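Chemist: The sequence and its predicted three-dimensional model are supplied below.
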Amino acid sequence: VIKTLFNCAREHFISINTIYRQVQDFARARQLPALKIAENELHATRNYFSGPLIREVLFAPLPPAPNVYIAACKHQFQSDFFIAMKKMLRERDTGPSYVQQILDISIHDAKSLYEELRH
């Protein structure tokens, strides 16, 4: 059962705990028996087998170029965040340190993003 949960979680890039909880909720809603898995066994599996990080899934090779990063955020997350940030940087003449603070990233990465957004 744990192997099946793990494979499903890995296939969809989500937590094994999320899969487990959804199966338990489904069983409860349909008045079916719950999975017989000890919570500590589930957590041990989750801690032992970790899937790829989202940055590894979205970006190859790492690190992505600023324009690739911005385009991926816009496309994958349907976000206008960088459009708004670009507008704000132009209107307020804010520097790379502001980008660093907002995104909680290194100053090096902030400068790269800042330069991309200023163009």
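Modeler: Yes, it's here.
Chemist: so where is this protein shaky, pLDDT-wise?
Modeler: By pLDDT under 70, the weakly predicted segments of the chain are 46-54.
Chemist: Could I get the full set of strands for it?
Modeler: Counting by DSSP state E, the chain has no strands at all.
Chemist: how does the protein divide into domains?
Modeler: 2-51, 57-118 (automatic domain parsing).
Chemist: Same list (those) but as TSV, adding mean neighbour count.
Modeler: The C-beta positions use only the backbone N, C-alpha and C, and glycine is treated the same way. Shown next, in TSV, are the domains of the chain (neighbours: other Cβ atoms under 10 Å):
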stretch	mean neighbour count
domain 2-51	13
domain 57-118	14
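Chemist: Show me the helices in the chain, by range?
Modeler: 2-12, 16-29, 39-48, 54-58, 66-77, 81-92, 96-103, 107-118 (DSSP state H).
Chemist: who's sitting farthest from the centroid in the protein?
Modeler: Q31 (33.5 Å; Cα atoms, centre = their mean).
Chemist: Any chance of the backbone angles for that residue?
Modeler: Main-chain dihedrals, Q31, degrees, to the nearest 10: phi 60, psi 40.
Chemist: contacting residues around it?
Modeler: Residues near Q31 by Cβ atoms under 8 Å, 6 or more residues apart in numbering: none.
Chemist: again with the one 10 residues further on
Modeler: With contacts defined as Cβ under 8 Å, 6+ apart, the neighbours of E41 are I2.
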